[in-house]
Every structure is written in C-alpha cells, then in structure tokens.
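[1] My questions are about this predicted structure, shown below with the sequence.
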Amino acid sequence: MRKQRIGLLGGTFNPIHQGHLLIAEQAYAQLQLDRVDFLPDFEPPHVDHKEAIAAQHRVEMLQRAIVDNPHFGIELTEIQRQGTSYSYTTLQTLRATHPDTEYYFIIGGDMVAYLPTWYRIADLVKLVTFVGVNRVGTTTEAPYPVHWINVPTFAVSSSLIRTKLQRHEDVRYLLPDPVLKYIKEQGLYETE
C-alpha cells in the first residue's frame, strides 16, 4: 500500500496570507502530495522572539482561509502540545501517530541556510523530506538534502499586513477575504 504524502507548512500565521496559500498550492501540485497541512506553532524557537496573537485566533483564521480547498488541512500538534515548537519533536509525534505517512516539510529558501542550527537536525532529516521554496536571491546549496520547488514571487508578509492594519491601510487581496473579515470583527492587530 502506498504511503500517504503530506506536506507540512509551518509558521506562526500571524495572520495567514495569500503568499502562504500560494506556496502550499504549488507544493501540493509540484510534489503530487495527497494534502498540505498548515502547522501553526505555539511558540517558535527563533532567536528573534516573535510576539503572536492567541493561538485560537490564528487557528480560526487558518480555518477560514482554507475552507474551500479540499487538499488543505490544519495540523494542531504544536498548538495542543504548547511550549516551544521544535520541528523534531513534532515530526517524532506525527511519525509515531501516522507511520503510514511520508512528510514533506516546506520551508522558505532563506531558511535552508539555518538548518544546521535547528534542534536535532541530524535526527530530523531522517524523519522528513525538506522542501525549499526557491526564491530570487537564495542559493540552492544546502547542508542537508532539500527538494526545491519554484513558486511565483509574491512579496507579502504577515508583518507587512500587521503594519498596514495598524495604519488603517488597505490590505485587500493580500489575505483571503474571510480572514480580513475575521480580523475586523475581532479587532485584531489594531495596536501592537
């Protein structure tokens, strides 16, 4: 029996935007995956600490963003576990729970250079296939095996959206309409 092929796109998703959805869709198509699951972190292990709104808001925005895409899902392992979200711990849990699944961890091309600093990276590469998003200006040389995909350039970031929202600037088309509606209903990102 063929193993199920699941892509994992991790992040804070503070908020989720069209760039995240574009990457997930391209990974799904180019790698012929069965599904791409968005993996919201609880507390990222980054050196540059990132403040994020409450997990329930980020998960609700994810649900609204992917509701009409049958090959997208949400993996809540890191939210449910809480604490610092280490990819190694997450993949250990997922592989134990779903031994019949092959996982593809989708990361930005800029993150590939940082792989040597990831927690238990030598063990992590045995649990997952890394997928790098090839971006202009990033090298495809990697210290670990990485499968590269090409994604059309779409220069949007969650921090750009938060800044625009604080300034009461238009963010339409940068994120899905249902997500923007939720942000406005909940009064999110008005001040940071």
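    Arrived safely, thanks for sending. Residues are numbered from 1 along each chain as shown.

[2] Output the below-cut-off pLDDT ranges for the protein.
    Residue ranges of the chain with pLDDT under 70: 45-50, 192.

[3] how about the helices in it?
    Applying DSSP state H to the chain gives helices spanning 18-30, 55-66, 77-81, 87-97, 121-124, 158-166, 177-186.

[4] Reformat those as a markdown table; add distance to Thr140.
    Heads up, the C-betas are built off the backbone N, CA and C, glycines and all. Conversion of the helices of the chain to a markdown table gives the following (distance: least, CB to CB, whole Å):
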| stretch | distance to Thr140 |
| --- | --- |
| helix 18-30 | 15 |
| helix 55-66 | 29 |
| helix 77-81 | 28 |
| helix 87-97 | 21 |
| helix 121-124 | 18 |
| helix 158-166 | 25 |
| helix 177-186 | 32 |
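
[5] Can you say which of those helices is nearest to Val136?
    Closest to Val136 of the helices of the chain, according to CB to CB: helix 18-30, at 14.0 Å.

[6] so the closest one versus helix 55-66, what angle?
    60 degrees (axes from the mean of the first three to the mean of the last three CA atoms, to 10 degrees).

[7] which residues touch helix 18-30?
    The contact list for helix 18-30, computed with CB atoms under 8 Å, 6 or more residues apart in numbering, reads 7, 9, 11, 13, 33, 35-36, 38, 65-66, 69, 71-72, 104, 106, 131, 133, 149-152, 154-157, 173-176.

[8] which of these are buried?
    7, 9, 11, 13, 33, 35-36, 38, 65-66, 72, 104, 106, 131, 133, 149, 151, 156, 174-176 (16 or more other CB atoms under 10 Å).
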